[in-house]
Every structure is written in structure tokens, then in C-alpha cells.
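>>> model the following, please.
(2 chains)
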Amino acid sequence: MVPQDLRYTKEHEWVRIEGALATVGITEYAAEQLGDIVFVELPEPGRAVTQFTAVGVIESVKAVSDLFAPVSGEVVESNAELSDKPELLNTDPYGKGWMLRINLADPSQADALLDAPAYEALTAEA
Amino acid sequence: MAESHDTPLTTPLADRHTARGARMVEFGGWLMPLQYTGILEEHRAVRARAGVFDLSHMGELSVEGKEAGAALAFALTSDPAGLAIGRAHYSMICFPEGGILDDLIIYRLGDERFMVVANASNAGAVSDALTDRLHGFRVILDDRSLATGLVALQGPRSAGVLARLTNIALDGLRYYAIAEGDVAGVPALVARTGYTGEDGFEVFVDVAAAATVWDAILEAGAADGVVPVGLGARDTLRLEAGMPLYGNELGRDTTPFEAGLGRVVKLDKPGDFVGRAALEKAQADGIRKKLVGLVIRGRGIARHGYEVFAGDRRTGTVTSGTLAPTLGEAIAMAYVTPSDAEPGTIVSVGIRDQRVPAQVVPLPFYRKPA
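Got it, this is the predicted structure:
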């Protein structure tokens, strides 16, 4: 079961939308698939990002993966704790492993995201 | 051989791996466990205690006959004819042009009996090359790859655990030695070799007996914290130990001298061997590139294929890189221009759109405590 109150992307990211603020992370499924995450590179606050484009990097021991912006807007905060503790993505992906907060440019973009049942269906196929 | 199969081969331990929840990947034509619980945890288990590896994908070739030593001396860069019975050495099989076809371990099992162990992805090519090169010698080449199971036990507690299962006196089995005996009641060849930088053993058995040995080691080692270890940690362990991997550090476009392995090219051995003329010339001409260790001094992890710079000049390419679990820093091996290869030299690695500083360091990155 994934948290029911979040929205999701096909790239296995989650988004919590509170007013104009979107908090972004990767799903537990993504973290498990990547394995031990050892390095995270996130965009600086103030940077404008475009929906579904690569904005950061997540590296496990074996692999390098892109982090995509699930919505367009301005990055208002990135999780600085991940610099020293990238393993939080594995141990607490929906909590302390959050990655970005984005000020939504267009709240209607959330309609392009999956709801929890649709995301669960996606991972069930995988 | 392996590479001609459309569906990957499975080892006799495949059901054990899936039962433990291993993530399986295709490697060298085989379906192999990448990890069981996690690469970092498995890596640390081998450094601190011991881990057991399914290496049944490796190639084992038997070379027997009156001229076995001379035949191998002709086919390979080393001089197996000079090996004592019960001893092994690291070797290479090169193309006539001097590039590396595979790296090998040669075990001398008897006066006229050798075992050649090749990488899984090259086992077919090595078998084909040996068939060709041994022609005319009084030897019999037998590709035993599919008939042989190989289980490795690596880590500081390996000897204590294996001693409970074997009649071989492990105290007397030196590094790069091999002995015949029983393991878990099964006839086995036990070699003190490995690919982790730790003390450890490789146990060769009949493919039908591999599961018996695997289960027995895990059971005998349970109290010592012995865990199964996948290819993911095998790669980080060998990289910390500065050991080359074919396809990364070794390949057709590289000579043993460039890889820092000139010691396995015995140009002073008697007689001709495949690649001799090219390797003599390569040694006389000097190397074009040199394998070095790098420690990344900025943020980021260097990976296979990333470019290396000395100032603004491109000096080479990263061949392997990871975050070293034991050392806690990003390490890499890379080929660079020989004039940039001195330990201490500061270079930089192109990681995405940045040039991240890195320092040339001596290999290996990790040495087991004395």
C-alpha cells in the first residue's frame, strides 16, 4: 500500500500538494529498485523547474538515476539532510526522505499525476 | 557457449537465490543474483565476517596431457609449466596483437593436469582460443564450465567456517594454492583464491553437488554471520581491492602492461607464445595509457565511461567507480596518460556538467588488516 493522500508519477515519484506548495520525493518502490542510495544531487532553491524534466540525480551503489520535476514551478527548498544522509531515501522515503518543495506555477498540472490506486496498479504490473 | 544462448543460463543455485528474495540479473549469459538484502550490507559482511558467493557462471577448462604445461605456456602470457603442483597463478590470454582476451587463474592439479578458470562472459571465447592454440600439442582440452559448480567463501571468518566442513588442512593451504578433498561430504577442489581483497576460498565441485556445499556453508556459518553475497557487492569488493574486471579495466584495446599487470607477461620464458612479438614491441615502445586509482575530492561519484582531465586537457577515461562502502569515499579506476599517473597528481572527472577534482592514489584502495 502506498500513502493514499499523495499523487504519483510514472517515474516513481510522489507529490504532496498543500495549496500552492508541492513536496516531492521518490516512492518506496523506487528506493527498493535502486538499492542502497549513496548520493543525491538536488536543484538549488530559486531554480525554476519544468514538469517532467530532469532536475536532480539519485545514485545507488550500482546506478545513476535522474530525478524529474513532477510539476513546474520554483524550487523553494531542497532537503539538505540528504547530502549527508542519502540513505533516508531508503529508510523513510515518504517522510525524512522528502527531496524538494516546489511553489506550483500551475496547480492544474496536478491533474496529470496519478492517484494512489493508479500508481499501485502501475507497480503491480512491473 | 554461454553467449550464444538467447535465454540466460541458470546455475544449480538459482532456486536458492530466488527463495531468499535475491534480485536476479543477466550477467555474462547467466541469470545471477545481484543482491539479496543490499549491496552495502553484503559488502560489509564480507569485510567484517564472511560471505558466500555463487560463482557457478565462471568458466572451468581442464587441460591434461604430457605437454599440458608447454601447451599453456604457448597459449597464455604466463608460464604454467613452472607452477608447482597444488599452486596457482594469475594469468592472461592475449590476442596475437597483444590486447587482452581474458584474465585467468591457472591451477596446477597434477604433473600433467591443469585447470584454467575464465570469466563467464569470455568462457566461450577462451575455450575456442585454447582449442585453436593447443592444436598440435599432446593435450586434451575439456570445457567443464557447465559441469562445474563454484562456491566462494570470502572474509576473515572463512577459514574457521570452512574448517568445520572439510578434511583439507586449511592451515597448510597457502594463498594461491589448491587441494583436493571433501567439503560437506562432496569431492571438491578447494583453492585459497578470491576477488574481494579478503582471505577466502573457492570451492569447485560437480554441478550436481553445488547446492549441498552452498547449504552446508550457510548452515555452518550461520552463527558467524555468514550471508550470501551477490554480484553487486562482488564488484564493490573487488574495486576497493584494486582488482581489474574484464570489460572495464581489461579488454582487447589494452595490453597487460597498461593495466599494470606486466608481471604476468613472462617474456623471458622459453619458446614462442601467442602475442609475444606484439607484447615485446609494446614493452619496448612504452605504454600509451596507465591504469590508476582515483579518489574523488569533490562531490559526486565517478562512473564507467566518465572523462578524466588534467587541467583542460583530456587525459583519460574512468573504467570503474563507486562509493567505496568500507572507505566511505568515492573511488574509481581510470586509464590516464602515463605522465599524469603519478600518485598525488590532481586531475578532474567530468561528472555531468561539472569537473570534479580527484587525486591519483596507489592501488589497492583497501588492504585487509594484517
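>>> list the contacts for residue 106?
No chain specified, so I'll use chain A. A:Val71, A:Ser72, A:Gly73 (CB atoms under 8 Å, 6 or more residues apart in numbering or on different chains). Where C-beta positions appear, they are placed from N, C-alpha and C, glycine not excepted.
>>> looking at chain B here, not the other one
B:Leu72, B:Leu76, B:Ser78, B:Pro80, B:Leu83, B:Ala88, B:His89, B:Ser91, B:Phe114, B:Met115, B:Val116, B:Val117.
>>> what pairs with the helix or strand that it is a member of, parallel or antiparallel?
Following DSSP states H and E, one finds B:Ile106 within strand B:100-110. Note on strand B:100-110: by DSSP bridges, its sheet partners are strand B:88-94 (antiparallel), strand B:113-118 (antiparallel).
>>> make TSV from the contacts of B:Ile106 and add neighbour count to it.
Below are those laid out as TSV (neighbours: other CB atoms under 10 Å in any protein chain shown):
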residue	neighbour count
B:Leu72	28
B:Leu76	29
B:Ser78	23
B:Pro80	25
B:Leu83	19
B:Ala88	24
B:His89	19
B:Ser91	26
B:Phe114	23
B:Met115	22
B:Val116	27
B:Val117	26
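>>> re the thing from before, show me which of the contacts of A:Asp106 is closest to chain B.
Checking the contacts of A:Asp106 against chain B by CB to the nearest CB gives A:Ser72 as the nearest, at 21.4 Å.
>>> right, and the closest one touches A:Ala110 too?
No. If you go by CB atoms under 8 Å, A:Ser72 and A:Ala110 don't touch, sitting 10.9 Å apart.
>>> for those two, list the residues in contact with both.
A:Leu104.
>>> more crowded one of those two?
The neighbour comparison of A:Ser72 against A:Ala110 (other CB atoms under 10 Å in any protein chain shown) goes to A:Ser72, with 18 against 14.
>>> which pLDDT value goes with that one?
Note on A:Ser72: pLDDT of 97.
>>> and it, what is it in contact with?
Counting by CB under 8 Å, 6+ apart, the residues that A:Ser72 touches are A:Ala48, A:Val49, A:Thr50, A:Gln51, A:Ile102, A:Leu104, A:Ala105, A:Asp106, A:Gln109.
>>> going through these, which ones are buried?
The neighbour count (16 or more other CB atoms under 10 Å in any protein chain shown) marks A:Val49, A:Gln51, A:Ile102, A:Leu104, A:Gln109 as buried among these.
>>> ok, these vs B:Arg252, which is closest?
A:Val49 (43.4 Å; CB to CB).
>>> how much space between that closest one and chain B?
16 Å (CB to the nearest CB, to the nearest Å).
>>> any part of the longest helix along chain A near chain B?
Criterion DSSP state H: the longest helix present in chain A is helix A:116-125. No. Counting by CB under 8 Å from any CB of the partner chain, chain B has no neighbours in helix A:116-125; the shortest distance is 15.2 Å.
>>> which residues touch that helix?
Contacts of helix A:116-125 (CB under 8 Å, 6+ apart): A:Met1, A:Val2, A:Pro3, A:Gln4, A:Asp5, A:Leu6, A:Tyr8, A:Lys10, A:His12, A:Thr27, A:Tyr29, A:Leu114.
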